[in-house]
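[1] A structural model of the following input is requested.
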Amino acid sequence: MTPGTRKRERGIWPAIRRRLGHSYLWLIGWRIEGIIPSEPKYVAIAAPHTSYWDFPHMIAFAFATDQHVSFLMKASMFVGPFGILFRGLGGIPVDRSGAFGLVDSVVREFEKNERLIVVVAPEGSRSKRDHWKSGFYHIAMKADVPIALGFMDYGRKIVGYGPLLFPSGDEQGDASMLADFYDDKHGRHPDQETPPSFG
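    Prediction:
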């Protein structure tokens, strides 16, 4: 797994990354909102997730704010040149059939790395579902790291972070807090949004 970190870097490539990220967001008319967490390790939510466009928006946001993130994607996406691209950007191919094995493997990466940001789209699909997948929550609980409430609001054209959530173990209570936060944030296709609740 490629560690995802946030650490201000000097040199040409980091400067290029920042410029690319800011330029992309400027061209599409989006702006950044919120404070980038200072914690060296955390799980970052990417929601709502309803479009393929969410991915380049997320990468541009990470570039512009010096975040070196890792993100989970289904293994079938890592084919040919796209596999090289996704791995270079921090992608981690996963087998969705083994959810709990995945949780434990990500927890081990948190234990091994001094700095790590793992981005997860808890909806698990661009299509509407009954509830969020809770794997990100269990990862944060087991690894003892906070959850950064990342969002992409197509209505206001804003990408950024809200407050940190330190999971309490009360899944329904924490899910209620997530529902309140994401209530006014909408994806590219609002009718395909999945409510922040755990099944």
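
[2] which residues of the chain fall in helices?
    Under the criterion DSSP state H, helices of the chain are mapped to 12-27, 54-64, 80-88, 99-112, 135-143, 171-182.

[3] Ok, which of these comes nearest residue 119?
    The closest of those to residue 119 is helix 54-64. By Cβ to Cβ, the value is 6.7 Å. In this view, the C-beta of every residue, glycine as well, is placed from N, C-alpha and C.

[4] List the buried residues in that closest one.
    Neighbour counts using 16 or more other Cβ atoms under 10 Å place 54, 55, 57, 58, 59, 60, 61, 62, 63, 64 of helix 54-64 among the buried residues.

[5] before we move on, what about stretch 162-176?
    Residues of stretch 162-176 classed as buried: 162, 165, 167, 174, 175 (neighbour count, 16+ other Cβ under 10 Å).

[6] Contact partners for the fourth one?
    So that's residue 174. By Cβ atoms under 8 Å, 6 or more residues apart in numbering, residue 174 lies in contact with 137, 165, 167, 168.

[7] For residue 155, the count of nearby residues, please.
    11 (other Cβ atoms under 10 Å).

[8] do the same with residue 156
    12.

[9] per-residue pLDDT, it?
    At residue 156, the pLDDT value in this model is 96.

[10] now swap in residue 96 and tell me
    pLDDT, residue 96: 55.

[11] and what of residue 111?
    Model confidence at residue 111, given as pLDDT, is 90.

[12] Check the gap between it and residue 77 for me.
    Taking Cβ to Cβ, to the nearest Å as the measure, residue 111 falls 26 Å from residue 77.

[13] hmm, who's touching stretch 44-59?
    21, 24-25, 28, 30, 69, 71, 89, 117-123, 125-126, 136, 147-152, 159, 161, 178, 182, 185-190, 192-194, 196.

[14] ignore the last one, stretch 186-197
    By Cβ under 8 Å, 6+ apart, the residues outside stretch 186-197 that reach it are 47-51, 53-54, 122-123, 125-132, 152-155, 175, 178-179, 181-182.

[15] Which ones among those residues lie within strands?
    Cross-referencing the contacts of stretch 186-197 against strands under DSSP state E gives 152, 153.

[16] thinking again about what came up before, would you turn the buried residues of helix 54-64 into CSV with distance to residue 38 and pLDDT?
    Converted to CSV, the buried residues of helix 54-64 look like this (distance: Cβ to Cβ, whole Å; pLDDT from 0 to 100):
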residue, distance to residue 38, pLDDT
54, 25, 92
55, 25, 87
57, 23, 94
58, 20, 89
59, 21, 89
60, 21, 94
61, 17, 95
62, 16, 92
63, 19, 91
64, 17, 94
